[in-house]
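Got a predicted structure here, sequence first:
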Amino acid sequence: MRDMILKALRELDIPVYDISLEEERSAELFFIRKTLDMRRIKSVVRCSVTVYRDFEADGKKYRGRSVTQIFEGMSLDEIKARLKSALFAAQFVKNPFYELYEGKKEEPVAMPSTLADRPLEDNAMDMAEALFAADTEEDAWINSAEVFAIEKQVTFLNSSGTDVSYRQYLVKGEFVTQCKTPQDVEQFFQFEYPDLNTEALTEKARKAIAAVRDRAAAQESPQAGTYSVVLSGEEVRSLMEYYLDRANAALVYAQYSDWAAGKPIQGEEVQGEKLNLTLLPKAPYSLEGIPMAARPLVENGELKTLYGALRFCQYLGMEPTGNYERVGLENGAVPLQELQKGCLCPVSFSGFEMDSFTGHFGGEIRLAYLYTDEGMKILTGGSINGNLSEKQGRLLFSTERYDTMDYTGPFAVKIEGVEVAG
Amino acid sequence: MQVKRSAFLQGAKPLLQELIGRLSQRYGYVSVLAADTRGKFFNVANTGVNAGEEDLFTRRGFVLKVYDGRSYGEYSFTHMDEAAIPAIVAAVEERLMPLEGLPEGLSLSEYGQIPDEPATLLKCSEYAIDPDGKGDEAILSALTAIREEGKARDERIVDCAVGYTFQEVHKLFLSPHRDLEQNFMWSDGYIEAMCPKEDDIVCYMVGASDLGGAEVLDQLRGKLDEAVRGALELIDSEPMVPGEYECVCTPAVTGMIVHEAFGHGVEMDMFVKDRAQAKQFIGEYVASPLITMHDGAAVQLDTGSYFFDDEGVLAHDTVIIEKGILKRGISDAQSAMHLGTVPTGNGRRESFERKAYTRMTNTYFEPGADTFEDMIASVKDGFLLDNPTSGMEDPKNWGIQCMVNVAREIKDGKLTGRVFSPIVLTGYVPDLLKSITMVSRDFALEGAGMCGKGWKEWVKVSDGGPCIKARIRLG
């Protein structure tokens, strides 16, 4: 396929291009309670080719581009027809000129994983076994689950000499926990691991079952008012979207964000913890073939760098870094138990929203713990609403850690002055 | 004009029939869904200009469904030619169906065989303007003109992003007794006006959609005023004081309530999993007698329309709520088999690469007899809710979590001009639906967005209805 695409590009005399090729195999299991309801396997190839067209207008140089999808089994003529159509479209895409990444042919990278060299079906079954190992109680259980074991071979090459590839394994999925007494409730969880991390999944499921039992016992909604709120787990990662988005070169170039290196992003007077954020790679190369490495994003509350795709980095006159999805947060000064004192601690939402443009965050509470001098109260219902732009100067983080495919850092954050609708 | 048939699918059909024949020698039921789709996007914004084929909407491949007398398995693949058939058969026989190593304590869910009733169908949808015929240059020019006009309206508009997408869908469903082919095209577009508000950016997005082609661009152009006015209003918006209020919902907000708050709760794969409260309410009042709710790919022409679903079940018009009473849910074929009901043509896949789930299509409340003006005049102290931004389902507890961009204050039957934002709608779904006291004659559907199941499985849907007046808890 790769050779035929290169031949088509040559015959059409298209000098500037990139090719992204992804081969994916998976084994998938779908459970209802402890019965396997459906099993699936997958073997697919996805391939996209971006062609570029340079032109000048009003004395300025432009580079248009258009992407097309190429499928397995296409003939040379079919591929050429797709590429021609894309090349035609590219002449109307009037974007300022930029260069493709100039790399070289690199040895294929095999990302180390305990999932490698095992049948995908075995990986999926072992993770399913680990998940249901936690389902041992009579009063709360796993309602349903989906388990995916995936192997990907990703290749990227372009007309500027870049030719890189890597093999990646992961297991991921989702599950719902349920408890029917004293009231029938459920909670939704997701997981994703680069290794056969059965112990972590069993532990996650065990905690999830305990949480849904608490939710079933919760009767009251929080009273409307202003609270100090402790968010934890995935919600802390969601808050990090604000920093990832606002520091993204694409948003800065478009004037959706006014962040620049050196900006004290938490304001001049920070009474809480000063943020220390690191961009972390999830793969050896970006989608544009740029080698990925860990990069400091924020140090002591000051933005160290913008980051982003090739085009926008060049427009802003900075080194292209590639896009990052994983972030590390090196904060955390207060033990969780201390942090929770006097706070409303929602641990489950029906859907938590972080709007990076406005700084607004919020969601409807499915389960929360309210810690007061009188003890702990389990609550459900109501919603929280706050604005991170306004609150970020007084953030405190837990010493306890939380690690996922997209985040490593403190498990919890305390935010003061959050509005709660009962 | 009619959407043309896919030459690729015509070429693959004999091979697929041969594959079905080979596998049918061993398995009681075998079907194949073959898909050849092409989606193209165009957008213009401060970030630049983009045009190309959308990965999610441009796919070509197959999914086999096989029954071994006890259970079902599926194989999704992209490589298909005569030489590939033995390898596909081997993958099914050796990797998919044997089911070795099911851990102790876990068992297999056993099903009967899908009734493979004979059917033949060949359908093509209509469109007015062929996007390919109109051409990339003309489409980008139209979008650029909308964007420039939007930006020129007010210097506070920092960006007016405009986009258009179309997808041409070709699908073939084959089993020993069914031979179904459909070819259709949908289009959608958006305008997102953005203004600074202190250190942040506020956005107001409007959409347009249709089962059709580039004619949607005219619909989109007609919504520019609303997008610009909405964004400018947000600059001076105030935070909402939480409480329960009399509210009038625009058709777009009605659509979000129909879809997110109620529709997900009647997806019957959730009944199978004991994850939906609606199962216990069949035959009972769940809404005001003013409310009748439909879902169906066959009933309205919008982005949720098709002729048969991804399991080869013909499209329906399902009346879910009739005059306030919950009559039935919607289902995919496997869930219907589990529940002993009739499938409603709602088995949908994100693509051939994914499992089929029960999914909505075009979902809406029927219009009523009131006028919008009378509805506003009837509110003493409340809000007109507009511009939905997001929603999350909660079938188990029927809890509402929907967000809208704008609440316009109404005092003594008149809009005061004060605008509040952002707004979270909460509460218990049947409480909201039973509190509906007025339903307008207006009716609008919109399908510019995508619907997920949980946090994945994106499919095109539309939703909407009339304006409704209800008591809603706002935060």
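Yep, that arrived.

show me what contacts the closest residue to chain A within the stretch 151-300 of chain B?
Closest approach of the stretch 151-300 of chain B to chain A (CB to the nearest CB) occurs at residue B:242, with a separation of 3.7 Å. (Each C-beta comes from the backbone N, C-alpha and C, glycine too.) Residues near residue B:242 by CB atoms under 8 Å, 6 or more residues apart in numbering or on different chains: A:224, A:419, A:421-422, B:473-475.

what do you get if the cut-off is 6 Å, keeping everything else the same?
Neighbour list for residue B:242: A:224, A:421, B:475 [criterion: CB atoms under 6 Å, 6 or more residues apart in numbering or on different chains].

what does residue A:343 give?
A:228, A:230, A:371.

Backbone torsions only: list them for the second one.
Note on residue A:230: its backbone torsions stand at phi -110, psi 120 [degrees, to the nearest 10].

That one - how many residues pack around it?
Counted by other CB atoms under 10 Å in any protein chain shown, the residues lying close to residue A:230 total 29.

What's opposite it in the beta bridge?
Taking DSSP bridges, one obtains residue A:414 as the residues bridged to residue A:230.

Pop the domain breakdown of the chain in here.
In the absence of a named chain, chain A is used. Domain assignment for chain A by automatic domain parsing gives A:2-216, A:218-422.

was after chain B, sorry
Split by automatic domain parsing, chain B gives B:7-41+B:48-122, B:128-170+B:186-235, B:243-474.

tell me the mean pLDDT for the shortest one?
Mean pLDDT, computed over domain B:128-170+B:186-235, is 96.

can you give me how far it is from the chain middle?
Distance, stretch centre to chain centre, for domain B:128-170+B:186-235: 20 Å (CA atoms, centre = their mean, to the nearest Å).

Just give me the longest strand of the chain.
Using chain A here. strand A:35-57 (DSSP state E).

that's the other chain; I wanted chain B
Chain B, longest strand under DSSP E: strand B:178-197.

Give the partner strands of that one in its sheet and their orientations.
Checking strand B:178-197 against DSSP bridges gives partners strand B:119-124 (parallel), strand B:159-174 (antiparallel), strand B:200-210 (antiparallel).

Settle this for me: residue B:338 is touching residue B:271, isn't it.
No. Here residue B:338 lies out of contact with residue B:271, judged by CB atoms under 6 Å, at a distance of 8.6 Å.

Which one of those two is surrounded by more residues?
Taking neighbours as other CB under 10 Å, residue B:338 and residue B:271 compare with residue B:271 leading, 24 against 20.

ok now do that one, which residues does it touch?
residue B:279.

Look at it and tell me its secondary structure.
helix (DSSP: H, G, I helix; E, B strand; the rest coil).

so can I have JSON lines of the contacts of residue A:343 showing pLDDT?
Converted to JSON lines, these look like this (pLDDT from 0 to 100):
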{"residue": "A:228", "pLDDT": "97"}
{"residue": "A:230", "pLDDT": "98"}
{"residue": "A:371", "pLDDT": "96"}
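
Over to residue B:21: give its phi and psi.
According to degrees, to the nearest 10, residue B:21 has phi -60, psi -40.

count of neighbours near it?
11.

Check which residues of stretch B:222-234 are buried.
Neighbour counts over stretch B:222-234 (16 or more other CB atoms under 10 Å in any protein chain shown) mark B:223-224, B:227-228, B:230-234 as buried.

go on, stretch B:153-169?
Across stretch B:153-169, burial judged by 16+ other CB under 10 Å covers B:153, B:157-169.

export that stretch as CSV, just CAs?
Extracted in CSV, the C-alpha atoms of stretch B:153-169 (Å, rounded to 0.1, in the frame of the first residue of the first chain):
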residue,chain,number,x,y,z
ARG,B,153,-20.7,43.1,12.2
ASP,B,154,-18.9,44.2,15.3
GLU,B,155,-15.3,44.9,16.2
ARG,B,156,-15.7,42.8,19.4
ILE,B,157,-16.1,39.7,17.3
VAL,B,158,-12.6,38.1,17.5
ASP,B,159,-13.5,35.2,15.3
CYS,B,160,-16.4,33.8,13.4
ALA,B,161,-15.6,30.2,12.6
VAL,B,162,-17.7,28.6,9.9
GLY,B,163,-17.7,25.0,8.8
TYR,B,164,-19.6,22.6,6.4
THR,B,165,-19.4,18.8,6.3
PHE,B,166,-21.1,16.3,4.1
GLN,B,167,-21.1,12.5,4.1
GLU,B,168,-22.1,10.2,1.3
VAL,B,169,-23.0,6.8,2.8
